[in-house]
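Novice: Structure, please.
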Amino acid sequence: MGSEDAAERGSSPEPGSGTRGRRLVLHPMLFAIFPILFLWAHNLDQGVDFDEVVGPLALSLTVAAALWAFGTWLLHDARRAGLIVSILALMFFSFGYVNESVGNESGLSTALLLAGWILLTVIAVAIVVSGRGWISGATTGFNVAGVVLVGLNVFTIAWAAIAPGASNPTFLAQGAPTLPPALASTPPAHRPDVYYIIFDEYGGTRTLRDFFNYDDEPLMRWLRSKGFVVPAESATNYPRTELSVASSMNLRYLDFLTRKVGTNTGDEAPITSLLEHSQIGTIMKSLGYDYIHVGSWFNQTRTAANADVNLQARGNSDFSSLLLQQTAVTQASGNRLRVEDYRDTLYQLWAIRHLEQYRGPRFVFVHFICPHGPVVFQRDGSYATKAELSAEGRATAFINQHFFIDQQIRKIVTYLQDRPAAEQPVIVFQADEGPYPGEPTTWPAVPNPDQLEMKFDILNAYYLPGVSKSVVWPTITPVNTFRMILDAYFHANLPRLPDREYTFANVQHHLYEFHDVTTLVHNAIWGRPEEPRPIPSGVWDDDS
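Specialist: The predicted structure is shown next:
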């Protein structure tokens, strides 16, 4: 073996001050964290916090370090092993992007693309193993590229942290509704538990009947027989989860954000802050309530910063799931992510029935992703496999999951009402928006009536023990939910807001450019005859 080859293999040190620089290997660790930092930096407006990122970062660094150590022992060359680890990291974390772009454009199947991606990775590793004189130069190049890529993303993340702007909770709280000082200082003696339970994309009775031939009127009649009020003409205020829930949880419309941040932005950080520090959470805590937040995997409702207790399943967060979708793991793991969605929902159903350990009174927030997809439940609550979904068709599978959720609503009511009359809780069942498919990311000035009906017609039902049912009016919308409840039970004297419905111009660039479509919505839902309608075109929920 020649001296040049020996030096290249790392079996003997090279003399001279320049050797240390050429032998320095940083890039395996940098490329192990770069894809995670990149995804984080590009999802800052989705409210991704460090707590959600630290786990994937630690895992990726650990795996990279272990592979690098093993490769160095096997090849007797830290630089060569480092290049292999960096290649593996880049190929592993980039497959999802390739699959989405190349696969969608070419029509190639995911399995074929994955096979080609693995083959390309094997070839790249083989080239490094057999390489000679260029290994030192490649190491330097990879080091520089890694530092630049990680540095740019760290700068983006750090800048967002030190210059939060309109996402600052104190800034957003300006003008928010508050309780009268006397009420906040001396809470009333009778404070019933309050359960605010959101079923994501649970359509209203007309929507389910018109588009899916599904009759949920038996459930509505059953709820009324149990003392619920189901308003006749209630619609969501905004046809998007984060906008709708931020509005209802903060007891106000979101046009104040238009004034604060403008219309030429898609930054969701202010919305995320409103959900993390919701005004209703603060108000209920000031009344002596424990705020118990039963979160979903959806980032913006996964936890609440001002909750006393955050409960969640052990499954992946929205960020972790998104990260996995960019890798080959999702393809290789089959139904694993769907199974986690299934278990998350079962955990939430369990959690509602096991809150006795927390002292009352309790304000409980629960956001069920169901009946929103992915569809993971059969009618009897068993797990729905991909093969079963394919055989049934998406519309039928969606209704099967919907039927399961309807049965769970009955069980929740039965459980919560099984207590003495003086301890009956307030229960609100509500949807954030209507169902898929066809969730637009852009709304025209005059939307399609079918789209309006499907996305604005929602479940909205109230159990208000001890107060007159007349406190609920026929057109009440979610923005007035807690204004009504606080006034009915605590005489908070918060004025009723006009019930209005709004679209947004564009999610990516004009999220806060709102358009009043109240008249169009009411004409689309209640101004037309009930009859079968074609499901609006659009993208169904990902069933992966």
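Novice: could you give the mean pLDDT of the longest strand along the chain?
Specialist: Assignment by DSSP state E gives strand 362-371 as the longest strand of the chain. What strand 362-371 shows for mean pLDDT is 96.
Novice: for stretch 120-130, same thing?
Specialist: Mean predicted confidence for stretch 120-130 is 91.
Novice: now stretch 462-472
Specialist: Stretch 462-472 comes out at a mean pLDDT of 97.
Novice: Then stretch 307-316?
Specialist: The average of the pLDDT scores along stretch 307-316 is 80.
Novice: now swap in stretch 433-443 and tell me
Specialist: 87.
Novice: any idea how far it is from the chain center?
Specialist: The chain centroid and the centroid of stretch 433-443 are separated by 15 Å under CA atoms, centre = their mean, to the nearest Å.
Novice: Stretch 192-206 too?
Specialist: For stretch 192-206, the gap between its own C-alpha mean and the chain's C-alpha mean amounts to 17 Å (CA atoms, centre = their mean).
Novice: What is the end-to-end distance of that stretch?
Specialist: End-to-end distance for stretch 192-206, by CA to CA, to the nearest Å: 32 Å.
Novice: center of this structure - which residue?
Specialist: Phe298 (2.2 Å; CA atoms, centre = their mean).
Novice: mind pulling up the phi and psi values for that one?
Specialist: phi -70, psi 120 (degrees, to the nearest 10).
Novice: How confident was the prediction at it?
Specialist: For Phe298, pLDDT reads 83.
Novice: quick one: average confidence on the host helix or strand of Arg79?
Specialist: According to DSSP states H and E, Arg79 maps onto helix 78-98. Mean pLDDT, helix 78-98: 88.
Novice: Can you list the strands that the helix or strand containing Tyr291 pairs with?
Specialist: For Tyr291, the host element (DSSP H and E) is strand 290-294. Take DSSP bridges as the rule and strand 290-294 pairs in its sheet with strand 309-311 (parallel), strand 362-371 (parallel).
Novice: Dump the ones you listed to CSV, plus mean neighbour count.
Specialist: Quick note: C-beta positions are derived from backbone N, CA and C, even for glycine. Below are those laid out as CSV (neighbours: other CB atoms under 10 Å):
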stretch, mean neighbour count
strand 309-311, 16
strand 362-371, 23
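Novice: Of these, which is nearest Pro532?
Specialist: Among the strands paired with strand 290-294, the nearest to Pro532 by CB to CB is strand 362-371 (20.0 Å).
Novice: Just give me the neighbour total for Ile127.
Specialist: The tally of other residues near Ile127 (other CB atoms under 10 Å) stands at 12.
Novice: which element follows the longest strand of the chain toward the C-terminus?
Specialist: helix 386-392.
Novice: packing partners for that next one?
Specialist: Applying 3 or more CB pairs under 8 Å, 6 or more residues apart in numbering; DSSP states H and E, we find helix 386-392 packed against helix 394-416.
Novice: Buried residues of the helix it packs on, list them for me.
Specialist: 394, 397-406, 408-409, 412-413, 416 (16 or more other CB atoms under 10 Å).
Novice: From the rest of the structure, what touches the strand holding Tyr291?
Specialist: By CB atoms under 8 Å, 6 or more residues apart in numbering, the residues outside strand 290-294 that reach it are 281, 284-285, 303-304, 306-312, 348, 351-352, 355, 358-367.
Novice: Spit out the contact partners of Pro440.
Specialist: Pro239, Pro447, Gln451, Lys455, Gly538.
Novice: And the residues you listed, which of them are buried?
Specialist: Judged by 16+ other CB under 10 Å, buried ones among the contacts of Pro440: Pro239, Pro447, Gln451, Lys455.
Novice: In CSV, list those residues along with secondary structure, distance to Trp134 and pLDDT.
Specialist: As requested, the buried ones among the contacts of Pro440 are exported to CSV (DSSP: H, G, I helix; E, B strand; the rest coil; distance: CB to CB, whole Å; pLDDT from 0 to 100):
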residue, secondary structure, distance to Trp134, pLDDT
Pro239, coil, 56, 96
Pro447, coil, 58, 94
Gln451, helix, 57, 94
Lys455, helix, 57, 96
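Novice: for the residues you listed, which one is nearest Glu501?
Specialist: Among those, and counting by CB to CB, the member closest to Glu501 is Pro239, at 8.3 Å.
Novice: if I look at that closest one, how far off is Thr503?
Specialist: Distance from Pro239 to Thr503, counting by CB to CB, to the nearest Å: 6 Å.
Novice: Need the overlap of contacts for these two.
Specialist: Counting by CB under 8 Å, 6+ apart, the residues touching both Pro239 and Thr503 are Trp443.
Novice: for Leu219, what are its contacts?
Specialist: Contacts for Leu219 (CB under 8 Å, 6+ apart) come out as Asp406, Ile409, Arg410.
Novice: could I get the residues you listed as TSV with distance to Asp344?
Specialist: Conversion of the contacts of Leu219 to TSV gives the following (distance: CB to CB, whole Å):
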residue	distance to Asp344
Asp406	19
Ile409	18
Arg410	21
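Novice: from memory Leu26 sits against Asn143, does it?
Specialist: Yes. If you go by CB atoms under 8 Å, Leu26 and Asn143 touch, sitting 4.9 Å apart.
Novice: Next, the buried residues of whatever helix or strand Phe155 lives in.
Specialist: Assessed by DSSP H and E, Phe155 sits inside helix 135-162. Within helix 135-162, the residues that count as buried by 16+ other CB under 10 Å are 135-136, 138-140, 142-143, 146, 149-150, 153, 156-157, 160.
Novice: mind listing what the residue lying closest to Pro169 once chain neighbours are set aside touches?
Specialist: Ranked by CB to CB, 6 or more residues apart in numbering and with sequence neighbours excluded, the top spatial neighbour of Pro169 is His277, at 4.2 Å. If you count contacts by CB under 8 Å, 6+ apart, His277 has them with Pro169, Leu172, Ala173, Ala304, Ala305, Asn306.
Novice: ChimeraX command for the buried members of those?
Specialist: Remark: buried members of these, expressed as a ChimeraX selection using 16+ other CB under 10 Å:
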select :172,304,306
